[in-house]
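Visitor: A predicted structure for the sequence below; I have some questions about it.
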Amino acid sequence: MAEANTRTRLSEFEVYTPAARGFHWLTLALVAVQVPLGVAMSYRGNLLNIWDALTNTLYSWHKLIGLVILIVVLARLSYRLSRGAPADEPTLEPWQKFVSHVTHWAIYGLLIVVPILGWLGVSYYPALNVFGFNLPGLVAPDQAAAAKVFFAHMIGAILLVLLIGMHVAAALFHYVIRKDGVLNRMLPTLPRRDGR
């Protein structure tokens, strides 16, 4: 009985808290909407040069979701820094732990930097209107600066998507190939493949 209780107590420390998991999946859902939305609005506006109500709506949604992502990620980061995270999966090699930590923190960084670059870009442009309301401008208008910032925003978004893809591929590799408990840290109800 004592051994079972110890196992239960240990498992609580092996998985992310419900709040941390909620932040993770909410962030993923927002990014999963934001990326195709950004591609669609850029295609209509920048490539097809169609500036109609639909394009304006796409841009408004992109700006609004970007702001929500920034707020959610800052809250998530604050929670992570104050509450910590589970210990690393014990079967990981030191280099795997290092790559995992670098990837996680790079994703956090880009989830903050990319929305800020977007906000900075619409401030420089200026295109601060979001569904009839204006975001506060961060800088004085400057079209040349806007083009540079929007380019950096796009590069950051591409890097973010690549890192998220690497993160997902690694999680699936651990679950399907290595059969360890890495993915269960974020999906504790998923059947374990490591026999624990």
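Guide: Happy to help now that I have it. Residues are numbered from 1 along each chain as shown.

Visitor: for Gln34, what are its contacts?
Guide: His62, Ile65, Gly66, Ile69 (Cβ atoms under 8 Å, 6 or more residues apart in numbering). (Each C-beta comes from the backbone N, C-alpha and C, glycine too.)

Visitor: by neighbours, which of those wins?
Guide: Gly66 (25 neighbours; other Cβ atoms under 10 Å).

Visitor: for that residue, what is the enclosing helix or strand?
Guide: Taking DSSP states H and E as the definition, Gly66 sits inside helix 53-83.

Visitor: show me what that helix is packed against.
Guide: Counting contacts by 3 or more Cβ pairs under 8 Å, 6 or more residues apart in numbering; DSSP states H and E, helix 53-83 packs against helix 18-42, helix 94-124, strand 129-130.

Visitor: just put those in CSV and tack on distance to Ala157.
Guide: Shown next, in CSV, are those (distance: least, Cβ to Cβ, whole Å):
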stretch, distance to Ala157
helix 18-42, 7
helix 94-124, 5
strand 129-130, 19
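
Visitor: wasn't Thr189 part of a strand?
Guide: No - assessed with DSSP: H, G, I helix; E, B strand; the rest coil, Thr189 is coil; it does not lie in a strand.

Visitor: offset the numbering so it begins at 33, please.
Guide: That works, and once the first residue is 33, the last one we named lands at Thr221.

Visitor: ok, back up a step: centre of the chain to the helix holding Gly98, how far?
Guide: With Cα atoms, centre = their mean, to the nearest Å as the basis, helix 85-115 stands 10 Å off its chain's centre.

Visitor: state the mean pLDDT of that helix.
Guide: Helix 85-115 shows a mean pLDDT of 97.

Visitor: for it, which positions count as buried?
Guide: Of the residues in helix 85-115, 87-88, 90-95, 97-98, 101-102, 104-105, 108-109, 112 count as buried by neighbour count, 16 or more other Cβ atoms under 10 Å.

Visitor: among the helices and strands packed on helix 85-115, single out whichever gets nearest to Leu222.
Guide: Distance to Leu222, taken as Cβ to Cβ, is lowest for helix 50-74 among these, at 11.7 Å.

Visitor: what does stretch 93-106 contact?
Guide: Against stretch 93-106 from outside (Cβ under 8 Å, 6+ apart): 55, 58-59, 62-63, 65-66, 69-70, 73, 140, 143-144, 146-148, 150-151, 154, 162-163, 167.

Visitor: the same query, at a cut-off of 10 Å, please.
Guide: 54-55, 58-59, 61-63, 65-67, 69-74, 139-151, 153-154, 159-163, 165, 167, 185, 189 (Cβ atoms under 10 Å, 6 or more residues apart in numbering).

Visitor: kind regards, and thank you for your time.
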